[in-house]
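> With the sequence up front, the predicted model follows.
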Amino acid sequence: YKNEDFYVYDGLDQLIVAVGLVRPRPGVFDEGVKHVLVLSTPVEIVLLKLRKGDSVHGDIQLEPTDFNLASDNVPMRSIAGTNDGRIFMAGHDGSLYEFVYENP
């Protein structure tokens with residue numbers, strides 16, 4: 001492998017227990033954001049904007065958003081999104097959760 005084959009995100013101080021790559025809701029972010037990375041820790045769920053960087057090398061850029069949500073100590077097992085930007089999460093407690101986000 002080469003050093004540029006992976007990306008390190010150190011913006012969280014908790015262990016990441018689940019990750020989802022989903023399409024964003026239309027109109028919430030600018031046109032350059034084609035996907036959102038959903039990171040879940042035991043205490044919170046965070047959305048990051050995913051942008052393409054240098055198109056020649058396929059670089060990516062992760063940008064924080066103001067969208068985060070307390071998980072109330074329920075670790076998420078899996079995260080999935082719909083084509084219209086809805087985000088669903090399966091909790092370790094057997095419940096199904098939806099992360100609702102929109103422009104203020």
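That came through, no problem.

> Could I get the contacting residues of the residue nearest the centre of the chain?
Centroid-nearest residue in the chain, with Cα atoms, centre = their mean: residue 38, separated by 1.6 Å. Contacts of residue 38 were listed using Cβ atoms under 8 Å, 6 or more residues apart in numbering, and they are 18-22, 45-48, 79, 81, 87, 89, 99. All C-beta spots, glycine's among them, are computed from the backbone N, C-alpha and C.

> Weed out the non-buried ones from those residues.
Applying 16 or more other Cβ atoms under 10 Å to those, the neighbour count classes 18, 20, 22, 45, 46, 47, 48, 79, 81, 87, 89, 99 as buried.

> Please work out how many residues are found near the spatially closest residue to residue 53 that is not a sequence neighbour.
Beyond its immediate neighbours in the sequence, the residue positioned closest to residue 53 (Cβ to Cβ, 6 or more residues apart in numbering) is residue 59, lying 3.1 Å away. Using other Cβ atoms under 10 Å as the criterion, residue 59 is surrounded by 12 other residues.

> about what we covered before: keep only those of the contacts of residue 38 that are in strands.
When DSSP state E defines the strands, the subset of the contacts of residue 38 inside them is 18-22, 45-48, 79, 81, 87, 89, 99.

> got CSV for those, with distance to residue 8 and pLDDT too?
Below are the ones in strands among the contacts of residue 38 laid out as CSV (distance: Cβ to Cβ, whole Å; pLDDT from 0 to 100):
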residue, distance to residue 8, pLDDT
18, 18, 95
19, 13, 96
20, 18, 97
21, 17, 96
22, 21, 97
45, 20, 96
46, 16, 96
47, 18, 97
48, 13, 96
79, 20, 98
81, 23, 97
87, 23, 98
89, 24, 97
99, 24, 96
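
> Specify which member of these is nearest to residue 12.
When those are compared for distance to residue 12 (Cβ to Cβ), residue 46 wins out at 6.7 Å.

> Looks like the closest one contacts residue 12 (just checking).
Yes - here residue 46 reaches residue 12: they are 6.7 Å apart, a contact under Cβ atoms under 8 Å.

> Touching both of those two, which residues are there?
Overlap of the contact sets of residue 46 and residue 12 (by Cβ under 8 Å, 6+ apart) consists of residue 39.
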